[in-house]
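**Student:** Model the following, please.
(2 chains)
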2 protein chains.
Amino acid sequence: MTSELKTSGQALPRGFRWAAVKAGIKASGNLDVAVAVADKVANAAAMFTKNQVVAAPVTVGRRHLISTDGRVSTVLVNAGNANCATGQPGIDACLETCVAAAEMFHCIFDEVFPSSTGIIGVPFPSDKVVAALPAVEAALGSTAAHAELFAQAIMTTDTKMKVARAVIDVDGVEVVIFGAAKGAGMIHPQLGGPVGPPHATMLVYLFTDLEAASAQLRSLLEPAVERSFNCISIDGDTSTNDTVLLLASGASGVRLDDRVCEAFENALKLVCGSLAHQIVDDGEGVTHVVTLHVTGARTEAEAKQVAKAIAHSPLCKTAWSSADPNWGRLLAAAGYSGVEFDPTLVTIAIGEQPVFEGGMRSPAFDEAAAHAVMKRREYTIALDLGQGNAECRFVTCDFTEEYVRINADYST
Amino acid sequence: MTSELKTSGQALPRGFRWAAVKAGIKASGNLDVAVAVADKVANAAAMFTKNQVVAAPVTVGRRHLISTDGRVSTVLVNAGNANCATGQPGIDACLETCVAAAEMFHCIFDEVFPSSTGIIGVPFPSDKVVAALPAVEAALGSTAAHAELFAQAIMTTDTKMKVARAVIDVDGVEVVIFGAAKGAGMIHPQLGGPVGPPHATMLVYLFTDLEAASAQLRSLLEPAVERSFNCISIDGDTSTNDTVLLLASGASGVRLDDRVCEAFENALKLVCGSLAHQIVDDGEGVTHVVTLHVTGARTEAEAKQVAKAIAHSPLCKTAWSSADPNWGRLLAAAGYSGVEFDPTLVTIAIGEQPVFEGGMRSPAFDEAAAHAVMKRREYTIALDLGQGNAECRFVTCDFTEEYVRINADYST
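**Tutor:** All right, here's what the predicted structure looks like:
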């Protein structure tokens, strides 16, 4: 059994159809309503933001997964309005769109899984979504072009469509995972279990034709998310709408059993890892993608805590934007992470270039060589805490004037 | 007994002399070594950064305060090199400067309190400091001009000198507090007790001619710092060298007793509050100073936790830079602060303008009016959590393209 990651290609899971239309929610007039329909009801697992403030579709989506015990027939996504901080009218508006979608796509009401992304606090135009559904129905199809239109319609400030595919060969039968994601800003996903609260910007939809129960899907989704989407940050702002949804149609006829489990698990991790990386690479204003490899920690949680302090430090992030090997900022951020460590045991390297060891600048420090590494679009910073065997890889990015321009674009 | 805050004026505590010279540490060639000398040894209390990574002068300063039981004769500060992440050679270099200063200013070695600010990880040029001491000695004096040169020499990217004064009238005798501070970047002080670890950018020196024991000074300094310097943030980066030092010469002849305590405590809070505000106002690239007034919290710690999440959110800070009343970002940041609350009980106002209540946009929301408030250089954002009586005021600032330029100025 082999699993293979494909970011291009045409492979798609059987049992789904996709469509996207322009409903007039985005000011740009671009595609803004995306729908995926399972031919037969799919088994599903979802994870949502841990933010205390949650968009209406997150509240409704959670409720629906509970009442159906993890079954989804229709995924209904809009971009341009987050339907967050919209009170009971926002919930009512979301429910209205679910009712209309259930009727249009012939499923029961709570088998509709809604998602929204966009501005917070603006009343939700459910009428525009409802009015667009007949056009969606007419546009549904199962080709790669259909799936990619779905991926394009969910974009907000993203500049590129984000998709990834993996294919597993099971005795000559192909099992496919297709994932579509959006990101760009308000990206520091902290995804937790399906029961609890989410305001929203990272949306990820994973479709497979494997046959698996919802509980099985949940147990596979959590570790895959923990080391992918929960290990990235663009700006440290955890959104109110972050959602990862995994749907299994069963249409391949291959069941998730011990024989298939490891290959599928690996394939799922590959797809999640690729999408997470694509999200950072297309982050607002990003010119450098930096992987923080923290090792020598007592626990993985502490390794992540150190990585996050660095990933969220404006001083580190601005230095990366100019390829400035100012490693003292890395050390200072680690120092205020809240993790206890002995600075004299710490080593730091930028790419292959050692910069800090034994409590001071490495004797091998070569500023020009470190600067050369940092001029690449992608590189790794390795920090070893010297006090254990736990580690993490955390993918983040620089902080540029363009980020500020994108997010301060209010015109009077 | 009255206390009065003065940011201008000439009042100075008796018992101190100040000087500043150019020692060639700053690349700009500006004043970079500042010294304060107590005529007789002063009683002292200090607080240092809680960062795990600490500059050499912080290690040495802590050790000296312990060995002298809180007495300081000479304060020796340099700007341009933080003497942090410099290992044992950095400690040795710091000690060398203390030895030379003790000889020059006629005190015992561990009555010298060293501080450094500047770049991290570059070997410390103790020879330059030592060579400058005769010029310092020749320049010492007790006028306002002398004290203000001290305040200027400790600046790094600061654009303005930061000083504040308070005067208490005790039966016709004036007791004076004079404070000098630097800030600008890497500003999110988290100051703790004198025993423990600090890399450095906020430096604050408070001089008074009150007569008080070190233990009394410590008990007054901690609450004053907690609600001033520990309630500000420019970029969320907690430095490795943050230091607040309070020195009491006793030269007024007025003793700290029950009669004087409250007035002095208030005066100290006024001076600390003024300096903390000046630091944010002169932060790197700052165009708006925002006070976050979080109320209705269960504890003051939770109020501060919500304020910090907002103060460190790049999306909130960039919206402030363009006076964009995008209040959804405030709510989202509060939501991921880690404090549990019920969004339907939360109210948010920008200046006098209500923007959020009852789980949704306030019916009174007036975008143009909120925008008008945010165009002011200074305003308050009030957020009530609706679940208790605790509160905090946290002073922070916007995030601008200029901040990115200042901190990404590495030239190849």
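
**Student:** Look at the closest residue to chain B within the stretch 151-300 of chain A and give its secondary structure.
**Tutor:** Chain B sits closest to residue A:238 of the stretch 151-300 of chain A, with a gap of 3.9 Å, by CB to the nearest CB. (Glycine included, C-beta is placed from N, CA and C.) Put simply, residue A:238 is coil when judged by DSSP: H, G, I helix; E, B strand; the rest coil.

**Student:** dump the residue contacts of the closest residue in space to it that isn't next to it in sequence.
**Tutor:** Leaving aside its sequence neighbours, residue A:238 sits nearest to residue B:336 (CB to CB, 6 or more residues apart in numbering or on different chains; 3.9 Å). Counting by CB atoms under 8 Å, 6 or more residues apart in numbering or on different chains, residue B:336 touches A:49, A:50, A:51, A:52, A:188, A:190, A:237, A:238, B:309.

**Student:** got it, and residue A:389?
**Tutor:** Residue A:389 neighbours (CB under 8 Å, 6+ apart): residue A:296.

**Student:** Mind doing that once more with 10 Å?
**Tutor:** A:295, A:296, A:297, A:298, A:299, A:300 (CB atoms under 10 Å, 6 or more residues apart in numbering or on different chains).

**Student:** Tabulate the residues you listed (a markdown table), appending distance to chain B, pLDDT and neighbour count.
**Tutor:** Below are the contacts of residue A:389 laid out as a markdown table (distance: CB to the nearest CB, whole Å; pLDDT from 0 to 100; neighbours: other CB atoms under 10 Å in any protein chain shown):
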| residue | distance to chain B | pLDDT | neighbour count |
| --- | --- | --- | --- |
| A:295 | 17 | 98 | 17 |
| A:296 | 15 | 98 | 19 |
| A:297 | 13 | 98 | 25 |
| A:298 | 14 | 97 | 15 |
| A:299 | 16 | 97 | 13 |
| A:300 | 19 | 95 | 16 |
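
**Student:** how about the residue nearest to residue A:238, phi and psi?
**Tutor:** Backbone torsions of residue B:336, given as degrees, to the nearest 10, read phi -100, psi 10.

**Student:** how close does it sit to residue A:46?
**Tutor:** Distance, residue B:336 to residue A:46, using CB to CB, to the nearest Å: 19 Å.

**Student:** before we move on, what about residue A:234?
**Tutor:** 22 Å.

**Student:** Tell me which of those two has more neighbours.
**Tutor:** residue A:234 (30 against 27; other CB atoms under 10 Å in any protein chain shown).

**Student:** ok so, going back, nearest to residue B:184, of the contacts of residue A:389?
**Tutor:** Closest to residue B:184 out of the contacts of residue A:389 is residue A:297 (32.4 Å), distances taken as CB to CB.

**Student:** so where does residue A:104 fall, helix or strand?
**Tutor:** Take DSSP states H and E as the rule and residue A:104 turns out to sit in helix A:87-105.

**Student:** Pull out the buried positions in that helix.
**Tutor:** By 16 or more other CB atoms under 10 Å in any protein chain shown, the buried positions in helix A:87-105 come out as A:87, A:90-91, A:93-95, A:97-98, A:100-102, A:104-105.

**Student:** between the residues you listed, which is nearest residue B:160?
**Tutor:** residue A:87 (45.1 Å).

**Student:** show me the residues around the closest one that make contact.
**Tutor:** A:56, A:121, A:123, B:343, B:344, B:356, B:357, B:358, B:359, B:360, B:361.

**Student:** Closest one of those to residue A:144?
**Tutor:** Among those, and counting by CB to CB, the member closest to residue A:144 is residue A:56, at 31.8 Å.

**Student:** Distance check, the closest one against residue B:343.
**Tutor:** 12 Å.

**Student:** Kindly report the same for residue A:26.
**Tutor:** For residue A:26 relative to residue B:343 (CB to CB), the value is 26 Å.

**Student:** Between those two, which is the more surrounded one?
**Tutor:** Taking other CB under 10 Å, residue A:26 and residue B:343 do not tie; residue B:343 has more neighbours (24 against 19).

**Student:** now the helices for the stretch 1-150 of chain A?
**Tutor:** In the stretch 1-150 of chain A, the helices defined using DSSP state H, counting those that start in this stretch lie at A:56-67, A:87-105, A:126-139, A:144-153.

**Student:** what's the answer for the stretch 251-400 of chain A, then?
**Tutor:** A:258-281, A:300-311, A:314-321, A:327-335, A:367-374.

**Student:** Of all the ones you listed, which one is nearest residue A:163?
**Tutor:** Taking the helices of the stretch 251-400 of chain A one by one with CB to CB, helix A:258-281 is closest: 7.8 Å.

**Student:** just the angle between that closest one and helix A:300-311, please?
**Tutor:** 20 degrees (axes from the mean of the first three to the mean of the last three CA atoms, to 10 degrees).

**Student:** model confidence over helix A:258-281, on average?
**Tutor:** The pLDDT scores in helix A:258-281 average 94.

**Student:** can it be found next to chain B?
**Tutor:** No. If you take CB under 10 Å from any CB of the partner chain as the test, helix A:258-281 misses chain B, and the best it gets is 14.8 Å.

**Student:** Do I have it right that residue A:406 meets residue A:234?
**Tutor:** No. In this structure, residue A:406 is not within contact of residue A:234 by CB atoms under 10 Å, at 11.1 Å.

**Student:** Give me the phi and psi angles of the residue of the stretch 101-250 of chain A found nearest chain B.
**Tutor:** Using CB to the nearest CB, the closest approach of the stretch 101-250 of chain A to chain B is made by residue A:120 at 2.5 Å. Phi and psi for residue A:120, reported as degrees, to the nearest 10, are phi -90, psi 140.

**Student:** So what's the residue count around it?
**Tutor:** Using other CB under 10 Å, residue A:120 has 28 other residues around it.

**Student:** Repeat that for residue A:273.
**Tutor:** 20.

**Student:** picking that back up, CSV for the helices of the stretch 1-150 of chain A, including mean pLDDT?
**Tutor:** Shown next, in CSV, are the helices of the stretch 1-150 of chain A (pLDDT from 0 to 100):
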stretch, mean pLDDT
helix A:56-67, 95
helix A:87-105, 97
helix A:126-139, 97
helix A:144-153, 95
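
**Student:** Those into JSON lines, with extra columns for distance to residue A:19?
**Tutor:** What follows is the helices of the stretch 1-150 of chain A, written out as JSON lines (distance: least, CB to CB, whole Å):
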{"stretch": "helix A:56-67", "distance to residue A:19": "19"}
{"stretch": "helix A:87-105", "distance to residue A:19": "10"}
{"stretch": "helix A:126-139", "distance to residue A:19": "4"}
{"stretch": "helix A:144-153", "distance to residue A:19": "6"}
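
**Student:** Skipping its backbone neighbours, what lies nearest residue A:129 in space?
**Tutor:** Residue A:129's closest residue in space is residue A:97 (CB to CB, 6+ apart), at 4.6 Å.
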